[in-house]
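*Asks:* Need coordinates for the below:
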Amino acid sequence: VLLAGVVDRFAYVPPNAHQRHGQGMILLRQHKNLNEMVPVRLVNNKATFILEKLRRGAPVMIKGRLRRK
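*Replies:* Sure, this is the predicted structure:
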């Protein structure tokens, strides 16, 4: 999946009992409507490094996999 948009918000979620590494959560904005933001989960052992480089309002392109339960 390839997504593009603007970073609205992001946060680091520390590891827990079910996951060894922490993860990043990014809300990607593609529309004016705030109810239509795309949640992106960044699962990588370098998540903190990647999140440090992000800025709110920055245009980004994200390449990844689509997973759903």
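*Asks:* Quick one: distance of stretch 46-60 to the chain centre.
*Replies:* 9 Å (Cα atoms, centre = their mean, to the nearest Å).
*Asks:* again but with stretch 19-39, I slipped
*Replies:* Mean-position distance between stretch 19-39 and its chain equals 5 Å (Cα atoms, centre = their mean).
*Asks:* quick one: buried residues of that stretch?
*Replies:* 22-24, 26-29, 37 (16 or more other Cβ atoms under 10 Å). C-beta: built from backbone N, CA, C; applies to glycine.
*Asks:* likewise stretch 8-19?
*Replies:* residue 10.
*Asks:* Relative to the whole chain's centre, how far out is that stretch?
*Replies:* 10 Å.
*Asks:* just to revisit the earlier point, what is the most widely separated pair among the buried residues of stretch 19-39?
*Replies:* 22 and 29 (23.2 Å; Cβ to Cβ).
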